[in-house]
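[1] build me a structure from this.
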Amino acid sequence: MRLKLKMLSPLIIGGQKLNSNYIESIDYIPGNVLRAAFARVILNHCTVYNGEVEEIDGQKRVNWVHYRDKEGCKKCRFKEVCKKFSSIKFGFFYPQGAVPIVMSQMVCKNDEKHRLVDSLTYNKVNGCPTCKGRLEYTRGLSLGDKIFKAKKSIYTRVEIDRYTKTSKDGRLYSLMPVLEEYFVGEIQGIEEADLDLFEDLRVGSYTSVGFGKCRLEKEKELEEDINKTLSNMQKFSNKYKEVNNKKDDLNYFALLFETDARVKLENLDGYKTTEEYKSILADLLNLNSDFKIDKVYLETNAYRGYDTSMVGDTREEAVHQILKGSVVVVSSKKDFKQIYNEFREFTVGQETLNGFGKVKIYCGGVENAK
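    Here you go, the predicted structure:
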């Protein structure tokens, strides 16, 4: 189901801290953050759970949503959601109309307001299509073929001593929340009637002081024209071969990481050649001998988060995180209909139920070419 969150107050979702007294929100909502917001509502209304430690699948946990099958559960209005909560898939939500910038996209160094172009299907030596200025790679979100900057504001606060009720020395801090009105994404496995249960939904951090209040609304479903998609795949292949001087009879297509992917990459010790890295990535993407990686625009970081539902050591196992916007160009002798059928519903890595690792076929902007 495609949904949008109408924000009723500013949103704060912490990213990497620049320093201890300044927190700037990221400009999108990861699926695990949204799942936590739903869980908070369910547990706040639960009459049979009081914060005690429970053993779930051999792991001691707290604040874990599951159906406890007690007397109070039978008349609970959240009963059906509790039963299926672990199988509900929460996608990433982005500001309405915005998507991650693809790592192969470039923008004019003279003016970021000029349109983005994709180096996969545009010869960057030609310079900016608008002014012929120099192009450079960029990051963030885009809206159409332009860079999108989420609206933000700065809030300055001071920490209050709970005992003296006065401000603490040296505890002035600043918050920079997002002020966008709508965020759009998908939640799969939930019924439209269930949405009314989450009227008091608060997403992200600092919810106890008013941030992150929002309302769920149904959004129009996107309808895909398969024939148009296949046509765009053909256009992409032709343009990619032209820009990259390919003379073969292979079909080329691109796989785009729409969201961050948390993966275990093995055998990374020591020096690796380009072909060895391609082989590691091919294994990750489950590409068989019918497919060969031609070009990669990809960035990773090491990720080790905390699972606050666990008891004891809450640190998660360290993984590599392939960042959203990464793109892999693949060649094959298969026709585009076969390629489309193999990669139309595609996820990689861990936490796919929280929206991570969503990969889609990408056509390099040829569908928007002017």
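
[2] separation between the closest residue to Glu299 other than its chain neighbours and Leu298?
    Distances taken as C-beta to C-beta, 6 or more residues apart in numbering put Leu323 closest to Glu299, at 4.7 Å, once the chain neighbours are dropped. Heads up, the C-betas are built off the backbone N, CA and C, glycines and all. Remark: distance between Leu323 and Leu298 (C-beta to C-beta, to the nearest Å) = 8 Å.

[3] now Cys131
    From Cys131 to Leu298 the distance is 30 Å (C-beta to C-beta).

[4] and what of Asp161?
    47 Å.

[5] do the same with Gly365
    Gly365 is 18 Å from Leu298, by C-beta to C-beta.

[6] follow-up on the earlier one: the more surrounded of Cys131 and Leu298?
    Leu298 (14 against 11; other C-beta atoms under 10 Å).

[7] ok, for the more buried one, nearest residue in space, not its chain neighbours?
    Counting by C-beta to C-beta, 6+ apart, Leu298 lies nearest to Ser326, which is 4.1 Å off, once chain neighbours are set aside.

[8] thought the one you found was touching Gln105?
    No: with contact defined as C-beta atoms under 8 Å, Ser326 does not reach Gln105; the gap is 11.9 Å.

[9] Leu201 against Ala37, yeah?
    Yes: between Leu201 and Ala37 there is a contact under C-beta under 8 Å: 5.7 Å.

[10] quick one: secondary structure of the closest residue to Asp194 other than its chain neighbours?
    Setting aside the residues directly before and after it, Asp194 is nearest to Val81 in space (C-beta to C-beta, 6+ apart), at 5.5 Å. Following DSSP: H, G, I helix; E, B strand; the rest coil, we place Val81 in the helix state.

[11] what distance do you get for Val81 to Glu242?
    Relative to Glu242, Val81 is positioned 51 Å away (C-beta to C-beta).

[12] try Tyr28
    Going from Tyr28 to Glu242 by C-beta to C-beta gives 34 Å.

[13] thinking again about what came up before, higher neighbour count, Val81 and Glu242?
    Higher neighbour count among Val81 and Glu242: Val81, with 21 against 11, using other C-beta under 10 Å.

[14] so what are the domain limits for this protein?
    Domains of the chain are assigned by automatic domain parsing as 2-95+179-218, 226-368.
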